[in-house]
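1. pasting the structure only:
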């Protein structure tokens, strides 16, 4: 992938993006960071093919660096690529990374028995020299013929030069049987926590209603007789 050295920094880089360029930085190794620009179209094409696990060579007028592309930063408004970090790699030193898993083939347990394919992991952690990296690891799910079948890490043959670090007993794929109507109905029932929240909500509404209600005649206290009214009653003349 071709690149150009970049001297424009800070807020001024927005002008680069308007011209179809992506600001990027190369980090790592014994060299210092280098600011560069990448052609947007060329980068997107390369990233779609290489992802974050395939080696990419960056070429400028003065340097050639072998790098891994880190996850690009995207503009939250436009959704376009905002910035890219590239990590240098030493071709003579092994690195640890994660390679994505891709399923292929068809499972009888899914197609004929109505099961659901489950992939607990979407990657395998590996260790290898940068030159031995592969873009993805494919697993054939056609061997999942029953609901008891599983594909584990130990069932997969590593690519040449690649060592799996993920535990061999880690399950990569299996097929769950279809749920019965009783199981689906059970899933639709509210959990104990949901039931408790519902009861508390009803109780709260009842309490608010009671607090805001007008007092009844029985609840209304009789008018208090003040001392002045008592004296006035004593001094009032009686009818002759």
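-> Done, it's in. As the structure is a computational prediction, the values presented were derived from the model and not from experiment. Numbering: from 1, shown residues only.
2. What helix or strand is residue 44 located in?
-> In the assignment (DSSP states H and E), residue 44 maps to helix 40-50.
3. in that helix, what counts as buried?
-> Buried positions in helix 40-50, judged by neighbour count with 16 or more other CB atoms under 10 Å: 40, 43, 46-47, 50. C-betas here are computed from N, CA, C, even on glycine.
4. Output these in JSON lines; the columns should cover pLDDT.
-> Shown next, in JSON lines, are these (pLDDT from 0 to 100):
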{"residue": "40", "pLDDT": "92"}
{"residue": "43", "pLDDT": "93"}
{"residue": "46", "pLDDT": "93"}
{"residue": "47", "pLDDT": "92"}
{"residue": "50", "pLDDT": "88"}
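5. Do a quick rundown of the helices in the chain.
-> 14-18, 40-50, 108-111, 181-188, 192-212, 227-235 (DSSP state H).
6. re earlier: residues making contact with the helix holding residue 44?
-> With CB atoms under 8 Å, 6 or more residues apart in numbering as the test, helix 40-50 has contacts from 1-2, 20-22, 56, 69, 72, 80-81, 84, 135.
7. can you list the residues you listed in TSV and add distance to residue 90 and neighbour count?
-> TSV is the format used below for the contacts of helix 40-50 (distance: CB to CB, whole Å; neighbours: other CB atoms under 10 Å):
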residue	distance to residue 90	neighbour count
1	19	18
2	22	13
20	32	12
21	28	20
22	25	24
56	15	19
69	17	23
72	23	17
80	32	12
81	27	19
84	21	20
135	20	14
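8. out of the residues you listed, which are inside strands?
-> Among the contacts of helix 40-50, the members falling in strands (DSSP state E) are 21-22, 56, 69, 81, 84.
9. what's the farthest-apart pair in those residues?
-> Largest separation among the ones in strands among the contacts of helix 40-50 by CB to CB: 21 and 56, giving 17.3 Å.
10. what's the burial count for the spatially closest residue to residue 172 that is not a sequence neighbour?
-> Spatially, and ignoring its direct neighbours in sequence, residue 172 is nearest to residue 151 (4.9 Å; CB to CB, 6 or more residues apart in numbering). Neighbours of residue 151 under the rule other CB atoms under 10 Å: 19.
11. 8 is where my numbering starts, stick with that
-> Happy to do that; since the first residue is 8 now, the last one works out to residue 158.
12. wait, what's in contact with residue 158?
-> 146, 148, 150-151, 178-181.
13. Who are the packing partners of the longest strand seen in the chain?
-> Counting residues, the longest strand found in the chain (DSSP E) is strand 102-111. Where contact means 3 or more CB pairs under 8 Å, 6 or more residues apart in numbering; DSSP states H and E, strand 102-111 is packed against strand 130-135, strand 144-147.
14. Buried residues, the longest one. List them.
-> Buried residues in strand 130-135, counting neighbours by 16+ other CB under 10 Å, are found at 131-133, 135.
15. in its sheet, what does it sit against?
-> Strand 130-135 pairs in its sheet with strand 102-111 (antiparallel), strand 170-171 (antiparallel), by DSSP bridges.
16. Provide a list of residue ranges in this protein with pLDDT below threshold.
-> Scanning the chain for pLDDT under 70 picks out the ranges 187-191, 193-194, 196-247.
17. Quick one: residues contacting the residue nearest the centre of the chain.
-> By CA atoms, centre = their mean, the chain has its centre lying nearest to residue 129, at 12.6 Å. Counting by CB under 8 Å, 6+ apart, residue 129 makes contact with 107-108.
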